[in-house]
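[1] Test case, fold it:
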Amino acid sequence: MIDLSTTYMGLTLKNPLVPSASPMSKSLDNMKRLEDHGAAAIVLYSLFEEQIEHESKELNHYLTYGAESYAEAVSYFPDLGEYNLGPDQYLNHIRKAKAALQIPVIASLNGISKGGWTRYAKLMEEAGADGLELNVYHIPTDGFVSSGAVEQMYLDLVREVKATVQIPVAVKMMHFFSSIPYMAAQLDRAGANGLVMFNRFYQPDIDLENLEVVTNLTLSSSYELRLRLRWVAIMFGQLVADMAVTGGVHTAEDVVKAMMVGAKVTQMASVLLHNGVSALSDILVDLQRWLETHEYESIAQMQGSMSQRHVANTAAFERANYMKVLQAFEVNMA
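    Next comes the predicted model:
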């Protein structure tokens, strides 16, 4: 019997398939269907900082730096009343999800300043959340704000939340840091139990006819997985925190690749939004079949087997491989 189980932030999961934060989790019926189709845990849609009744005195300060759409949003500053439920309703949603589901429920907070985060992190824990994902994102548009200051915002937030709750806390990272391994290590030392690689943010576009800035919802593809594979492979073995891969996970093969570079779970949304909830069970069947065909006994057996420290060509994840790729193109063009 193939053992598909894994562990993530101290949670024992029946498999590595976890629906990520998206509008799908606004419906309790959808969450039940996700569980029925094999989801091992669910990350709830995010409670946005702007919804926490503007309790944070720092909110206006940080918003003046500029902001961009978040992974679950489809407009620059979404109509919070239409997009999402308010803080109290969100807490009630956690309670209902915990009463209805047998799998872990991970709450999600989306913002940057401290303010009400610590208060609502505690309330989410009291509502029954099994874990918390900090969906932290900040675009510094002030040329006088240093990269170190931005990074310190992240670290201070993690430390304060960790000092407030007992449940495990994950940080959904972006890939724009100048040194991803350093920042990951700093978040690890700050107490993060999990690091989710990487957040996808929908970039603004220009409507040339109306001369307006617009934001389009573009779903991911498996190609985007490569960035995640590279950095998880490099950092495997360097962190205490568990790593999750999100962005570009669409097939069982994508899941296998993520496990092999060292991830503990894969989070997915685009494939479910595009193909429906049943896509999850299809991936699970294909995953089981892949392990059987390639004679793996468990997910644990493959985790980290293709990380940088375990492959013969360690330079394949680094700059050295770039020159080889370019040379291959030169040969093909000759």
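[2] Need the three-state assignment for the residue nearest to the spatial centre of the chain.
    For the chain, residue 196 is the residue whose C-alpha lies nearest the centre (Cα atoms, centre = their mean; 4.2 Å). Under DSSP: H, G, I helix; E, B strand; the rest coil, residue 196 falls in the strand class.
[3] May I have the phi/psi pair for residue 172?
    Backbone torsions of residue 172, given as degrees, to the nearest 10, read phi -90, psi 110.
[4] Residues in a beta bridge with the residue nearest to it when sequence neighbours are not counted, which ones?
    Excluding its sequence neighbours, the residue lying closest to residue 172 (Cβ to Cβ, 6 or more residues apart in numbering) is residue 196, at 4.2 Å. Quick note: C-beta positions are derived from backbone N, CA and C, even for glycine. Under DSSP bridges, the beta-bridge partners of residue 196 are residue 172, residue 244.
[5] So residue 196 versus residue 282, what's the distance?
    Using Cβ to Cβ, to the nearest Å, residue 196 is found at 23 Å from residue 282.
[6] and what of residue 232?
    The value you get for residue 232 to residue 282, if Cβ to Cβ is used, is 24 Å.
[7] So for the two, which sits in the more crowded spot?
    Set side by side, residue 232 and residue 282 show more neighbours around residue 232, with 28 against 16, by other Cβ atoms under 10 Å.
[8] so that one sits in a helix?
    Yes - Residue 232: assigned to a helix according to three-state DSSP.
[9] Name the nearest residue to it, ignoring sequence neighbours.
    The shortest distance from residue 232 to any non-neighbouring residue, by Cβ to Cβ, 6+ apart, is to residue 261 (4.6 Å).
[10] and what of residue 221?
    In space, and not counting its chain neighbours, residue 221 is closest to residue 248: 6.5 Å by Cβ to Cβ, 6+ apart.
[11] Checking that neighbour next. Helix, strand or coil?
    Three-state call for residue 248 (three-state DSSP): coil.
[12] OK, contacts around it?
    Taking Cβ atoms under 8 Å, 6 or more residues apart in numbering, we find residue 248 in contact with 220-228, 254.
[13] how about 10 Å then?
    The contact partners of residue 248, taken as Cβ atoms under 10 Å, 6 or more residues apart in numbering, are 198, 200, 220-229, 254, 257-258, 266, 268, 270-271.
[14] Distance check, it against residue 161.
    28 Å.
[15] Repeat that for residue 136.
    Going from residue 136 to residue 161 by Cβ to Cβ gives 10 Å.
[16] before we move on, back to that, now, the contacts of residue 248 that are in strands?
    Among the contacts of residue 248, the residues falling in strands (DSSP state E) are 266, 268.
[17] out of the contacts of residue 248, which are buried?
    Buried by 16 or more other Cβ atoms under 10 Å: 198, 200, 220, 224-225, 228-229, 254, 257-258, 266, 268, 270-271, out of the contacts of residue 248.
[18] Make CSV from the residues you listed and add distance to residue 47 and pLDDT to it.
    As requested, these are exported to CSV (distance: Cβ to Cβ, whole Å; pLDDT from 0 to 100):
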residue, distance to residue 47, pLDDT
198, 21, 89
200, 19, 78
220, 23, 84
224, 26, 91
225, 28, 95
228, 25, 96
229, 30, 96
254, 28, 98
257, 31, 98
258, 27, 98
266, 23, 98
268, 21, 96
270, 21, 93
271, 24, 95
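[19] does residue 309 count as helix, strand or coil?
    Per three-state DSSP, residue 309 ends up helix.
[20] what does the model give it for pLDDT?
    For residue 309, the pLDDT comes out at 83.
[21] so what's it up against?
    Contact analysis of residue 309 by Cβ under 10 Å, 6+ apart lists 233-234, 236-238, 262.
[22] and it, how far is that from residue 242?
    For residue 309, the distance to residue 242 - Cβ to Cβ - is 17 Å.
[23] cool, residue 206 as well?
    Applying Cβ to Cβ, the value for residue 206 to residue 242 is 40 Å.
[24] Which stretches in this structure count as helices?
    All helices of the chain, identified by DSSP state H, fall at 28-36, 59-63, 80-83, 87-100, 117-127, 147-164, 180-189, 225-235, 252-261, 270-275, 279-293, 299-302, 320-333.
[25] Tell me the pLDDT of residue 322.
    On the pLDDT scale, residue 322 gets 56.
[26] can you start the count at 34 instead of 1 from here on
    Yes, from this point I'll number from 34; that puts the last item at residue 355.
[27] Could you list the low-pLDDT ranges of the stretch 234-367 of the chain?
    Residue ranges of the stretch 234-367 of the chain with pLDDT under 70: 235, 345, 347-367.
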